[in-house]
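Peer 1: Build me a structure from this.
(2 chains)
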Amino acid sequence: KAGVTQTPRYLIKTRGQQVTLSCSPISGHRSVSWYQQTPGQGLQFLFEYFSETQRNKGNFPGRFSGRQFSNSRSEMNVSTLELGDSALYLCASSVGGNSYNEQFFGPGTRLTVL
Amino acid sequence: DQQVKQNSPSLSVQEGRISILNCDYTNSMFDYFLWYKKYPAEGPTFLISISSIKDKNEDGRFTVFLNKSAKHLSLHIVPSQPGDSAVYFCAAGGDYKLSFGAGTTVTVRA
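Peer 2: Predicted coordinates for the structure are as follows:
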């Protein structure tokens, strides 16, 4: 079974631009979660989607948004990029239903904002 | 608001000895706890989990202990192997999300 895939793997943008990251979950998984990882901060939860509905959202500004499509693929968008948005963005999928399910992570998208 | 804390950023252990990683949490509503391992340039991979109704779960060389009254959990790796060198994240689950600690970098010395 193919794992979680994220595209692109690397991205360089400048301040003020916007970016869209994509995540394809494992086949049959209906829940997709997004995390931001920065040095020393661990993984900060961004949001979680299940069957196209956002069930929970982390403490991030409104510039961070996401969506999920009917095939469970998900995208996250960051508008008006700031230098502090430079991070590794990880997507994780799980069967869904509740937060107890083991989450399978993709390799991440490394975003650099100049 | 860091609800899950790993107070030791790094741990060095000799091959064959025990590695003990610690994690504290503040939210008593968490009811499921997990440990993930991460190598550079890869996403985290699931290691072991424990439900809040248990106090111990074992899987091969990995054992997780949960002390609900102290809001503390630990991961024991016995014996430690060179391939265990990685960053370990503790996570707590509730309300359709996982809250992660900042991670502990484990280095296993030959």
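Peer 1: okay, now the residue of chain B at minimum distance from chain A: neighbour count?
Peer 2: Nearest to chain A in chain B, going by Cβ to the nearest Cβ, is B:Gly43, at a distance of 3.2 Å. (Each C-beta comes from the backbone N, C-alpha and C, glycine too.) B:Gly43 has 23 neighbours, counted by other Cβ atoms under 10 Å in any protein chain shown.
Peer 1: right, and it touches A:Thr5 too?
Peer 2: No: contact criterion Cβ atoms under 8 Å: B:Gly43 and A:Thr5 do not qualify, at 10.5 Å.
Peer 1: low-scoring stretches of the chain, by residue?
Peer 2: In the absence of a named chain, chain A is used. A:1, A:97-101 (pLDDT under 70).
Peer 1: could you do chain B instead?
Peer 2: Using pLDDT under 70, chain B drops low at B:1.
Peer 1: what does it have sitting close to chain A?
Peer 2: Residues of chain B lying close to chain A (Cβ under 8 Å from any Cβ of the partner chain) are B:1, B:4, B:6, B:9, B:31-32, B:34, B:36, B:41-46, B:49, B:51, B:89, B:91, B:93-103.
Peer 1: give the contact list for the closest residue to A:Ser93 other than its chain neighbours.
Peer 2: In space, and not counting its chain neighbours, A:Ser93 is closest to A:Pro25: 3.2 Å by Cβ to Cβ, 6 or more residues apart in numbering or on different chains. By Cβ atoms under 8 Å, 6 or more residues apart in numbering or on different chains, the contact set of A:Pro25 is A:4, A:31-32, A:72-74, A:91, A:93.
Peer 1: rerun at 6 Å
Peer 2: Going by Cβ atoms under 6 Å, 6 or more residues apart in numbering or on different chains, A:Pro25 touches A:4, A:32, A:72, A:93.
Peer 1: again with B:Asn57
Peer 2: Taking Cβ under 6 Å, 6+ apart, we find B:Asn57 in contact with B:50, B:64.
Peer 1: Assign a three-state SS to it, would you?
Peer 2: Put simply, B:Asn57 is strand when judged by DSSP: H, G, I helix; E, B strand; the rest coil.
Peer 1: From B:Phe65, how far off is it?
Peer 2: 8 Å (Cβ to Cβ, to the nearest Å).
Peer 1: now B:Val4
Peer 2: According to Cβ to Cβ, B:Val4 stands 16 Å off from B:Phe65.
Peer 1: What does the closest residue to chain B within chain A show for phi and psi?
Peer 2: Using Cβ to the nearest Cβ, the closest approach of chain A to chain B is made by A:Phe105 at 3.2 Å. The phi/psi pair for A:Phe105 (degrees, to the nearest 10) reads phi -100, psi 150.
Peer 1: Fine by me, we can end here.
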